[in-house]
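Chemist: Structural data only, the sequence is not supplied:
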């Protein structure tokens, strides 16, 4: 949920195998991160990490004599820590910012400007043409021009980028589109030693993401005609009490709360909003105000096809989680014993990733096809259509309790037997 700045991290431990029973809920590696704390002296830092297109080489697909694609990464911030009450209370503060603009590159064969107007003479004039549109009788259209363009097909055209260059393989949309990202994080930690045997720690982290993706997030779409705006603040709060009961007995209690609130919306609403001129009906009356997604599948033209659409957005998700953990460690001769329990109460409040606007496909091999899927789009020859009836929001709750016990038995100096048991109890 949160990502502490590198300058705020004190220790990283990576557990890949043979870890204790308290990690029993994890089937793979575990990474533990400890953030810095204050000390009896004041310490601080100021930093900046920089990347820029000035340091980069040209992309392989860059057209000659064109500027480099914009590429900017700046991560900067400061830390400060020190005593509030010497030898008793200490603080640590980290403030970090990140500014990025890393482009997404597009290299997608697309219909020509003539094709967008219903003229397929260029497609039909190539040797061994595979995607020359024909009428219901199998005859080429006069002049290889469609008799008309369906208004609904015309409404989908703005989602398809126009060509930027002509190549030996046909028109191509070639572009590098920036994706600005802004991130900020505050981290505050305070430690208090009641005495030499008892320490309390409190840490608060808040970060916020603001990202604009060039194409639809998670959608796998082909063009930057529709982008996504991702906003995702996250919070982590941890309180810990550590008691050294004796030189051989230690107890640690930790309570934490984490959450994030993600919201994703689409940019360029003029391209994907369903207007009154779009008259296509669906299985269900609720279209969410969106035009349908569509995919074009050809026999070879336009690189085999492409997809575009607003997908499931707007969409939101939150994931508040409360955890409590108590660990007891006891050294007893050749035995290092540890036991305790872990309890988590988690929520998942998430909108279903479905498409109420519907999904269209145009396929050059479909029975009703002209032989060119893009011409089918212009004429309204739909191969398949699907639509979700609604976009529900799911409120998932679960609880987990895991008691454990671990014994690391040092049989000899060069032989240790690790014995552990962890039981996971799930509920709602």
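Modeler: Yep, it's here. Note that the structure is a prediction, hence the values are computed from the model and not measured.

Chemist: what's the span of stretch 61-81, first residue to last?
Modeler: Across stretch 61-81, the straight-line distance between its terminal residues is 48 Å, by Cα to Cα, to the nearest Å.

Chemist: pLDDT on that stretch, on average?
Modeler: If you average the pLDDT over stretch 61-81, you get 85.

Chemist: so what strands line up beside the longest strand seen in the chain?
Modeler: In the chain, taking DSSP state E as the definition, the longest strand is strand 393-412. Note on strand 393-412: by DSSP bridges, its sheet partners are strand 335-351 (antiparallel), strand 415-422 (antiparallel), strand 425-427 (antiparallel).

Chemist: Quick one: those strands as TSV, columns for distance to residue 306 too.
Modeler: Backbone N, C-alpha and C define where each C-beta goes, glycine included. As requested, these are arranged in TSV below (distance: least, Cβ to Cβ, whole Å):
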stretch	distance to residue 306
strand 335-351	26
strand 415-422	49
strand 425-427	44
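
Chemist: I'd like those as a markdown table, with mean neighbour count, distance to residue 55 and mean pLDDT appended.
Modeler: Conversion of the strands paired with strand 393-412 to a markdown table gives the following (neighbours: other Cβ atoms under 10 Å; distance: least, Cβ to Cβ, whole Å; pLDDT from 0 to 100):
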| stretch | mean neighbour count | distance to residue 55 | mean pLDDT |
| --- | --- | --- | --- |
| strand 335-351 | 17 | 40 | 96 |
| strand 415-422 | 13 | 48 | 92 |
| strand 425-427 | 10 | 50 | 90 |
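
Chemist: Between these, which one is closest to residue 318.
Modeler: Between residue 318 and the strands paired with strand 393-412, the shortest gap by Cβ to Cβ is with strand 335-351, which sits at 4.6 Å.

Chemist: distance between the closest one and the chain's centre?
Modeler: 25 Å (Cα atoms, centre = their mean, to the nearest Å).

Chemist: for stretch 170-185, same thing?
Modeler: So, by Cα atoms, centre = their mean, the centroid of stretch 170-185 is 16 Å from its chain's centroid.

Chemist: Kindly report the same for stretch 324-340.
Modeler: Here the centre of stretch 324-340 is set off from its chain's centre by 39 Å, with Cα atoms, centre = their mean.

Chemist: Repeat that for stretch 275-289.
Modeler: Going by Cα atoms, centre = their mean, where stretch 275-289 is centred and where its chain is centred differ by 29 Å.

Chemist: Next, the buried residues of that stretch.
Modeler: Within stretch 275-289, the residues scored as buried using 16 or more other Cβ atoms under 10 Å are 280, 282, 287, 288.

Chemist: quick check, nearest of these to residue 366?
Modeler: Compare each of the buried residues of stretch 275-289 with residue 366 using Cβ to Cβ and the shortest gap goes to residue 280, at 17.1 Å.
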